[in-house]
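Q: model the following, please.
(2 chains)
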Amino acid sequence: AQSVAQPEDQVNVAEGNPLTVKCTYSVSGNPYLFWYVQYPNRGLQFLLKYITGDNLVKGSYGFEAEFNKSQTSFHLKKPSALVSDSALYFCAVKGSWGKLQFGAGTQVVVTP
Amino acid sequence: KAGVTQTPRYLIKTRGQQVTLSCSPISGHRSVSWYQQTPGQGLQFLFEYFSETQRNKGNFPGRFSGRQFSNSRSEMNVSTLELGDSALYLCASSSGRGGQDTGELFFGEGSRLTVL
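A: Below you'll find the predicted structure:
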């Protein structure tokens, strides 16, 4: 069985500070890992994905994520957060079974 | 090009009624997936269609059904509505052979269903 966990319901960060949103996963075989963002009353938007290759993946809006196989993690990072980054962030994993499974989501609040 | 379009955006129904939601994928996309989003359960996978065939199905009761047409547009239906069906229903399309193959799903804005 595959699963994905986002251990933090909410992350609070001041504007300009680094932002990290945590994600760990469990999957059979090689994982496909994704991050999506959801703004209020909107659908989800794709941020980035890891399929294979370099462990550091760069995505939209200055976000990046680091794949760590030994820790089965795929944390989302941004060096300098903006107030406009306040949103709900979802980590997702796809294993050999083929279904994309989402984490519970982490609410990011960036204060001015 | 146009994104994923879902209609209606908002609707209110009463218990026992049924509802049909529509999704038009991005032009050229052949895979459509449906998700239910609630504050308590998060994002729950409903089903996925590819070329008019259901490829994957989540753990929902038979009251939840869907279909896909030859033009890739999809509909989902919920019969005998319950209060717990109140949720944001999201449709996502993909250009891959299967909606889950690449994982890069393109989501619509959702249909917010309220059951009274």
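
Q: excluding its backbone neighbours, what's nearest the closest residue to chain A within chain B?
A: Distances between chain B and chain A by CB to the nearest CB are smallest at residue B:107, namely 3.5 Å. The C-beta positions use only the backbone N, C-alpha and C, and glycine is treated the same way. Counting by CB to CB, 6 or more residues apart in numbering or on different chains, residue B:107 lies nearest to residue A:43, which is 3.5 Å off, once chain neighbours are set aside.

Q: OK, contacts around the one you found?
A: Residues in contact with residue A:43, defined by CB atoms under 8 Å, 6 or more residues apart in numbering or on different chains, are B:4, B:90, B:92, B:107, B:108, B:109, B:110.

Q: pull the most distant pair out of those.
A: Between any two of these, the greatest separation by CB to CB is 11.3 Å, found for B:92 and B:109.

Q: assign a three-state SS to residue B:84, would you?
A: Judged by DSSP: H, G, I helix; E, B strand; the rest coil, the three-state class of residue B:84 is helix.

Q: for the spatially closest residue to residue A:10 that is not a sequence neighbour, what are its contacts?
A: Spatially, and ignoring its direct neighbours in sequence, residue A:10 is nearest to residue A:107 (4.4 Å; CB to CB, 6+ apart). Residue A:107 is in contact with A:9, A:10, A:11, A:87, A:88, A:89, counting by CB under 8 Å, 6+ apart.

Q: ok, what's across the strand from residue A:107?
A: For residue A:107, the beta-bridge partners are residue A:10, residue A:88 (DSSP bridges).

Q: can you check the pLDDT for it?
A: Predicted confidence (pLDDT) for residue A:107: 97.

Q: one more: residue B:1?
A: Residue B:1 carries a pLDDT value of 63.

Q: for the one 5 residues further on, same thing?
A: The score at residue B:6 is 97. That number is its pLDDT.

Q: hang on, residue B:10 packs against residue B:109?
A: No - using CB atoms under 8 Å, residue B:10 makes no contact with residue B:109, being 10.5 Å away.

Q: need the contact list for residue 52.
A: Picking chain A for this. Residue A:52 makes contact with residue A:30, according to CB under 8 Å, 6+ apart.

Q: ah, no, chain B please
A: Going by CB under 8 Å, 6+ apart, the list of residues near residue B:52 reads B:67, B:68, B:69, B:70.

Q: so what's the second one bridging to?
A: Just to be clear, that refers to residue B:68. Listed beta-bridge partners, residue B:68: residue B:74 (assigned using DSSP bridges).

Q: ok, how many other residues are close to residue A:74?
A: 28 (other CB atoms under 10 Å in any protein chain shown).

Q: from memory it sits against residue A:56, does it?
A: No - between residue A:74 and residue A:56 there is no contact under CB under 8 Å: 11.0 Å.

Q: contacting residues for the nearest residue to residue A:11 once chain neighbours are set aside?
A: Leaving aside its sequence neighbours, residue A:11 sits nearest to residue A:108 (CB to CB, 6+ apart; 5.1 Å). Going by CB under 8 Å, 6+ apart, residue A:108 touches A:10, A:11, A:13, A:19, A:21, A:81, A:85, A:86, A:87, A:88, A:89.

Q: same deal with residue B:95?
A: Residue B:95 neighbours (CB under 8 Å, 6+ apart): B:26, B:28, B:29, B:30, B:31, B:102.
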